[in-house]
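In: Model the following, please.
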Amino acid sequence: MSSNRAPKSGFAAEAQRKINSKYSEELAQESLEWIKAVTAEPINTSGDTDNFFEVLKDGVILCKLANALQPGVIKKINESKMAFKCMENISAFLECAKNFGVPTQETFQSVDLWERQNLNSVVICLQSLGRKASNFNKPSIGPKEADKNVRNFSEEQLRAGQNVISLQYGSNKGATQSGINFGNTRHM
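Out: Residues are numbered from 1 along each chain as shown. As a prediction, the model looks like this:
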């Protein structure tokens, strides 16, 4: 948590604990090792939350990562430690991540990193980007992404498929409602 904010209490503290519990040091370390391999930057690859935050918080390494994947994609990397300059770096990286194919639901908001609110979402974004790195002839991490498996059927094959009565729909052969009682029967 940033030092300029009061510690959260009550419901907010509980929500923050729940978010923090999802953080995986192994995945964070894997992400940092991947960043080090792609950028050749001498960074500490320990996956603990303090190191992960310190390495990435100013957005400089993230911008260098984007430029390593696609040279020149981020024109200006702010080396300043001023908050708005760091947030600009993080935002520029996020824009690149989306352009590289990371789904919006797998990205994070700048404050998640800058204010250390949700480091797990940062890990998810880096893992997602890492899966796409092979598209840029770089080492990738995580499971290989599925390839498209497009099938082209002729009109004749499509018509033949419409005539098949599939048992996937099930059968009601012999099904009746006899013997089904709900509640008490009516006594006359």
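
In: for this protein, longest helix please?
Out: helix 83-99 (DSSP state H).

In: So which elements touch that helix?
Out: Secondary-structure packing of helix 83-99 (3 or more Cβ pairs under 8 Å, 6 or more residues apart in numbering; DSSP states H and E): helix 60-69, helix 110-114, helix 119-132. Heads up, the C-betas are built off the backbone N, CA and C, glycines and all.

In: what comes up buried for the second one?
Out: By 16 or more other Cβ atoms under 10 Å, the buried positions in helix 110-114 come out as 110, 112-114.

In: Outside of the longest helix of the chain itself, which residues are in contact with it?
Out: 57-60, 62-63, 65-66, 69-70, 73-74, 77-78, 80, 104, 107-108, 110, 113-114, 125, 128-129 (Cβ atoms under 8 Å, 6 or more residues apart in numbering).

In: just the angle between that helix and helix 119-132, please?
Out: Orientation check (axes from the mean of the first three to the mean of the last three Cα atoms, to 10 degrees): helix 83-99 against helix 119-132 gives 40 degrees.

In: Return helix 83-99 as PDB; C-alpha atoms alone will do.
Out: Extracted in PDB, the C-alpha atoms of helix 83-99 (Å, rounded to 0.1, in the frame of the first residue of the first chain):
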ATOM      1  CA  ALA A  83       3.600  10.100 -10.000                       C
ATOM      2  CA  PHE A  84       2.000  11.300 -13.200                       C
ATOM      3  CA  LYS A  85       5.000  10.500 -15.300                       C
ATOM      4  CA  CYS A  86       5.100   6.900 -13.900                       C
ATOM      5  CA  MET A  87       1.300   6.600 -14.500                       C
ATOM      6  CA  GLU A  88       1.900   7.700 -18.100                       C
ATOM      7  CA  ASN A  89       4.400   4.900 -18.600                       C
ATOM      8  CA  ILE A  90       2.000   2.300 -17.100                       C
ATOM      9  CA  SER A  91      -0.800   3.600 -19.300                       C
ATOM     10  CA  ALA A  92       1.400   3.500 -22.400                       C
ATOM     11  CA  PHE A  93       2.300  -0.100 -21.600                       C
ATOM     12  CA  LEU A  94      -1.400  -1.000 -21.100                       C
ATOM     13  CA  GLU A  95      -2.300   0.500 -24.500                       C
ATOM     14  CA  CYS A  96       0.400  -1.600 -26.200                       C
ATOM     15  CA  ALA A  97      -0.700  -4.700 -24.300                       C
ATOM     16  CA  LYS A  98      -4.200  -4.300 -25.700                       C
ATOM     17  CA  ASN A  99      -2.800  -3.700 -29.200                       C
END
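
In: Perfect, that will be all.
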